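Enquirer: sharing a model that was predicted from the sequence below.
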Amino acid sequence: MFPAPVLDVIMEEEILYSETFRIHGNDFEHGGEVAAAVKSVMKQLGIRSDVIRRLSIANFECEMNVIMYADEAEFEFSVLPSQVRVVCKDRGQGIPDIGLAMQEGWSTATQQMRERGFGAGLGLPNIKRNSDKFEIESTPSVGTTLRYSVNLE
Ligand SMILES: Nc1ncnc2c1ncn2[C@@H]1O[C@H](COP(=O)(O)OP(=O)(O)O)[C@@H](O)[C@H]1O
Ligand SMILES: [Mg+2]
């Protein structure tokens, strides 16, 4: 038969809906707007409410992390027959130790961010918990990419 990478291409699902948003570092004023826009699209598309809830929690945490710790990002939301998927690719300081960043309670948030109610160190663990598939890649001084999805079936 075919080697695995070829099979992946053949089995790739069609994209039913896709939209890309831009997130700007330090833009607290518009914080949460991408997560809200994606939530409204998912409602219009008739996606199951438990899927909307889980993805919206993940999206908000992902968006706020870009605002707090990166310069800018492209946030791509896609709906496929079996899953809703996000790829958020940022340009920024990156994460030197992903193992540490994934630990509950670990945060480099500044005092100012903590005063705004951020910095509990639960964002990345919450994204992982609320998605069915989660991947994070980061290169210090270059940026971070998160890929996560919630299954529809
Ligand atoms: N997109 C990102 N770019 C750079 N660093 C990040 C990014 N997302 C998370 N981090 C780092 O990982 C840490 C943990 O993130 P998170 O679990 O969301 O907690 P919190 O945002 O409360 O600090 C952050 O404090 C930060 O150091
Ligand atoms: Mg966070």
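Expert: Arrived safely. Ligands and ions are numbered 1, 2, ... in the order given.

Enquirer: the residue in the chain positioned nearest to ligand 1 - how many residues pack around it?
Expert: Of all residues in the chain, the one sitting closest to ligand 1 is residue 123 (2.2 Å; CB to the nearest ligand atom). C-beta: built from backbone N, CA, C; applies to glycine. Using other CB atoms under 10 Å, residue 123 has 23 neighbouring residues.

Enquirer: cool, and residue 99?
Expert: Residues lying near residue 99 (other CB under 10 Å) number 8.

Enquirer: with residue 119 instead?
Expert: By other CB under 10 Å, the residues close to residue 119 number 17.

Enquirer: could you confirm it falls within a strand?
Expert: No: if the criterion is DSSP: H, G, I helix; E, B strand; the rest coil, then residue 119 is coil and not within a strand.

Enquirer: 639 is where my numbering starts, stick with that
Expert: Renumbered: residue one is now 639, and that last one reads residue 757.

Enquirer: that one touches residue 743, doesn't it?
Expert: No: if you go by CB atoms under 8 Å, residue 757 and residue 743 don't touch, sitting 10.0 Å apart.

Enquirer: give me the element the most centrally placed residue in the chain is part of.
Expert: Among the residues of the chain, the one closest to the centroid is residue 700, at 4.4 Å (CA atoms, centre = their mean). Assigning secondary structure by DSSP states H and E places residue 700 in helix 687-707.

Enquirer: quick check: next helix or strand after that helix?
Expert: strand 708-717.

Enquirer: quick one: strands adjacent to that following strand?
Expert: Strand pairing for strand 708-717, determined by DSSP bridges: strand 655-662 (antiparallel), strand 721-730 (antiparallel).

Enquirer: could you point out the helix or strand that follows the longest one?
Expert: Toward the C-terminus, strand 721-730 is succeeded by helix 736-739 as the next helix or strand (DSSP H and E).

Enquirer: which outside residues touch that next one?
Expert: Outside helix 736-739, the residues within contact range by CB atoms under 8 Å, 6 or more residues apart in numbering are 733, 744, 762, 774, 776.

Enquirer: so which of those residues are in strands?
Expert: Residues of these located in strands (DSSP state E): 774, 776.

Enquirer: poorly predicted segments of this structure, please.
Expert: 639-640, 642-648 (pLDDT under 70).
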